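[1] The following block contains a protein sequence and its predicted model.
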Amino acid sequence: MSANTLKILKLIALLLVGFVLFIFAASFMVGTDFSTERSVEIEKPKDDVFEYIRHLRNQDEYSAWAAMDPNMTQEFRGTDGTVGFVSAWEGEETGKGEQEIVEIIEGERIDFKLRFFEPFESEADVYMITDSLSENQTRVTWGLESSMNRPMNLMLLFVNMEEAIGNEYDEGLAKLKEILEDS
């Protein structure tokens, strides 16, 4: 190899190392955590609303993700509406993952653990809260808290996760309102 070729290869190697170091350093300048929360008011008593949302299978009726990938395969484990129940899915649009009921505060709140396996691995804490506004009016709040590992967190510079997930929660809550108020 000629001296010029070696110089060019050295320069390319140095540029690649510099780029990797820059990405690594930049990932420490960007936060890793993100969250979103959306609410809707439903003209139904709180007990009726809570009884419906506590069942993960019902999310197929109002979840934006279920509508996005109607051909996904699903598997259910446990007793729906109870701690430990798991709804797992696999689809072209939605990837592969599962959601587990991890805590229920009767009539008030349901906490879920959301686990994604494909196209990438991640976890999120999801919750649904019901608040009685009047005898026949309930506020449902749907929220998510998660984080992205470094250097994947650099995606947060380009994708507003709060808005992206929030828009899908808005869509799902609008559908939930429609379903419950029409029943």
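    The structure has been received and is ready for your questions.
[2] need the next SSE after the lowest-mean-pLDDT helix or strand in the chain, C-terminal direction.
    Of all the helices and strands that make up the chain, the one with the lowest confidence by mean pLDDT, DSSP states H and E is helix 3-27; it has a mean of 77. Under the assignment DSSP states H and E, the closest C-terminal helix or strand after helix 3-27 is strand 33-42.
[3] Which neighbours in the sheet does that next one have, and how are they oriented?
    Strand 33-42 sits in its sheet next to strand 137-147 (antiparallel), going by DSSP bridges.
[4] can you list contacts of the helix or strand following the partner strand?
    Beyond strand 137-147 on the C-terminal side, the first helix or strand identified by DSSP H and E is helix 161-182. Here helix 161-182 makes contact (C-beta atoms under 8 Å, 6 or more residues apart in numbering) with 34-44, 48-49, 52-53, 59, 61-65, 140, 142-144, 146. Backbone N, C-alpha and C define where each C-beta goes, glycine included.
[5] What average pLDDT does the lengthiest strand in the chain get?
    Across the chain, the longest stretch assigned as strand under DSSP state E is strand 122-134. For strand 122-134, mean pLDDT rounds to 94.
[6] how is this protein carved up into domains?
    In the domain annotation for the chain, the residue ranges read 1-30, 33-182 (automatic domain parsing).
[7] among these, which is the most enclosed?
    Highest mean neighbour count of the domains of the chain: domain 33-182, a mean of 16 (counted as mean count of other C-beta atoms under 10 Å).
[8] follow-up on the earlier one: what lies in contact with the longest strand of the chain?
    Where contact means C-beta under 8 Å, 6+ apart, the residues beyond strand 122-134 that reach it are 41, 45-46, 49-50, 53, 99, 107-116, 138-146, 148-149.
[9] cool, and stretch 135-145?
    Taking contacts as C-beta under 8 Å, 6+ apart, the residues outside stretch 135-145 that touch it are 33-46, 48-50, 53, 114, 124-133, 165, 169, 172-173, 176.
[10] Which element, helix or strand, includes residue 98?
    Applying DSSP H and E as the criterion places residue 98 in strand 95-105.
[11] Note down every partner strand of that strand and its orientation.
    Based on DSSP bridges, the strands next to strand 95-105 in the sheet, each with its direction, are strand 86-91 (antiparallel), strand 109-118 (antiparallel).
[12] To residue 6, which of those lies closest?
    Between residue 6 and the strands paired with strand 95-105, the shortest separation by C-beta to C-beta is 42.2 Å, and it involves strand 109-118.
[13] No further questions, thank you.
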